[in-house]
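*Asks:* Build me a model from this:
(one chain, ligands or ions: 1)
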Amino acid sequence: MPARIISGKDIAAEMRAELEPQVVELKQRGITPGLAVVLVGEDPASQVYVRMKAKACEKLGMHSETITLPEATTEDELLATVDRLNANPAIHGFLVQLPLPDHIDSERVLLRILPTKDVDGFHPENVGRVAVGDPTAFPPATPFGVQHLLMRSGVQIDGSHVVIVGRSNIVGRPMASLLLQRRKGGNATVTVCHSHTKNLPDVTRLGDILIVAIGKANFVTGDMIRPGAVVIDVGTNRVDDPASEKGYRLVGDVDFEAAQQVASAITPVPGGVGPMTITMLLYNTLQAARRWAEN
Ligand code: GUN
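*Replies:* Alright, predicted model coming up:
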């Protein structure tokens, strides 16, 4: 029997519908949750992501600001923008879209964001607090979305062996931290694999849950999956497709057709992890606004 499809699109819609009344409630108390996104340069993929974030924010009734800066923006100018957002009471959370142009030191910029407004969860203070299991820290949206996707689709995390392929700061590492936490949505046994892992298929086949985030199209083949495993595909890769209108189509890091014959459940690309990412950014922003209201 082919694997059950875990629809991030449906679960994201369900979560956003739950967030909406929370936005209304905060607005009734005189606080409109506000998210700002800073985009430097004209990277087409980043432009798409930033537009999607702003649109989702507005749709939920939240205040949204997009600050677009030219490619030639200096590091000091960007830091001044961050300072202004840190001080802006209408903005409860913000992020600087990555990657930044090469002449800007991303680390310095991330360090300048107030951790209480760092809804992307990239500031080292949030990274550290997520790593030690602090429930008030902001986890990065993508792994946080994967965790909610698993919980809401009834997948057993507690006690399961989760194998993560990829050790990035945006997905793999924080994913491991979240699944290790000693609470609901955690308590997993976690293995993180990467480019230096020996006998990778032997390791991936150990996973009751296999989470793949390495950014290589169709990298995980059917023989790398334990029969009956749950497969979460975080990848979104463009591959040439002359038959499609755009000339390309999106595929994940997992060979979907093959995996579907082996796994018990799997996320599609698109419509899997992607929609959850923006939802969790909105979720974090709402948390930030709520905390701001309480202080
Ligand atoms: N670039 C790709 N994904 C992300 C993200 O989640 N946050 C930021 N700031 N930049 C990104």
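
*Asks:* which stretch of helix or strand covers whichever residue of the chain sits closest to the ligand?
*Replies:* Nearest to the ligand, among the residues of the chain, is residue 98, at 3.7 Å (CB to the nearest ligand atom). Just so you know, the C-beta spots here come from the backbone N, C-alpha and C atoms, and that holds for glycine as well. Using DSSP states H and E, residue 98 sits in no helix or strand.

*Asks:* For it, list the residues it contacts.
*Replies:* Applying CB atoms under 8 Å, 6 or more residues apart in numbering, we find residue 98 in contact with 46, 106, 122.

*Asks:* redo that, cut-off 6 Å
*Replies:* Counting by CB atoms under 6 Å, 6 or more residues apart in numbering, residue 98 touches no other residue.

*Asks:* show me the contacts for the closest residue in space to residue 173 that isn't next to it in sequence.
*Replies:* Spatial nearest neighbour of residue 173, excluding adjacent residues (CB to CB, 6 or more residues apart in numbering): residue 167 at 5.9 Å. The neighbours of residue 167, taking CB under 6 Å, 6+ apart as the test, are 173, 192, 194.

*Asks:* Highest neighbour count among the residues you listed?
*Replies:* Counting neighbours by other CB atoms under 10 Å, residue 173 leads the contacts of residue 167 with 19 neighbours.

*Asks:* is it true that that residue lies in a strand?
*Replies:* No: counting by DSSP: H, G, I helix; E, B strand; the rest coil, one finds residue 173 to be helix, located in no strand.

*Asks:* any idea how far it lies from residue 194?
*Replies:* Counting by CB to CB, to the nearest Å, the separation of residue 173 from residue 194 is 10 Å.

*Asks:* can you check residue 260 too?
*Replies:* From residue 260 over to residue 194 (counting by CB to CB), the distance is 25 Å.

*Asks:* what about the helices in the chain?
*Replies:* Using DSSP state H, the helices of the chain run over residues 8-28, 44-59, 75-87, 106-112, 124-131, 141-152, 172-180, 200-204, 256-260, 273-294.

*Asks:* how about the contacts of residue 167 in CSV, adding distance to residue 63?
*Replies:* Listed next are those as CSV, based on distance: CB to CB, whole Å:
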residue, distance to residue 63
173, 31
192, 37
194, 39
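
*Asks:* need those residues in JSON lines with distance to the ligand and pLDDT, can you?
*Replies:* Output for the contacts of residue 167, formatted as JSON lines (distance: CB to the nearest ligand atom, whole Å; pLDDT from 0 to 100):
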{"residue": "173", "distance to the ligand": "14", "pLDDT": "98"}
{"residue": "192", "distance to the ligand": "19", "pLDDT": "98"}
{"residue": "194", "distance to the ligand": "19", "pLDDT": "97"}
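
*Asks:* list the buried ones in stretch 189-207?
*Replies:* 190-193, 197, 200, 203-205, 207 (16 or more other CB atoms under 10 Å).

*Asks:* give the contact list for residue 235.
*Replies:* Applying CB under 6 Å, 6+ apart, the residues near residue 235 are 215, 252-253.

*Asks:* The same query, at a cut-off of 8 Å, please.
*Replies:* Applying CB under 8 Å, 6+ apart to residue 235 gives the contacts 212-217, 219, 251-254, 269.

*Asks:* Could you tell me which of the residues you listed are located in strands?
*Replies:* Among the contacts of residue 235, the members falling in strands (DSSP state E) are 212, 251.

*Asks:* if we can go back for a sec, out of the buried residues of stretch 189-207, flag the one nearest to residue 129.
*Replies:* Residue 129 lies nearest to residue 190 out of the buried residues of stretch 189-207, by CB to CB, at 18.2 Å.

*Asks:* Go ahead and confirm that closest one touches residue 178.
*Replies:* No: the criterion here is CB atoms under 8 Å, and residue 190 misses it with residue 178 at 9.4 Å.

*Asks:* Can you tell me how far the residue lying closest to residue 172 once chain neighbours are set aside is from residue 286?
*Replies:* Closest residue in space to residue 172, ignoring its immediate chain neighbours: residue 166 at 4.1 Å, by CB to CB, 6+ apart. Distance from residue 166 to residue 286, counting by CB to CB: 28 Å.
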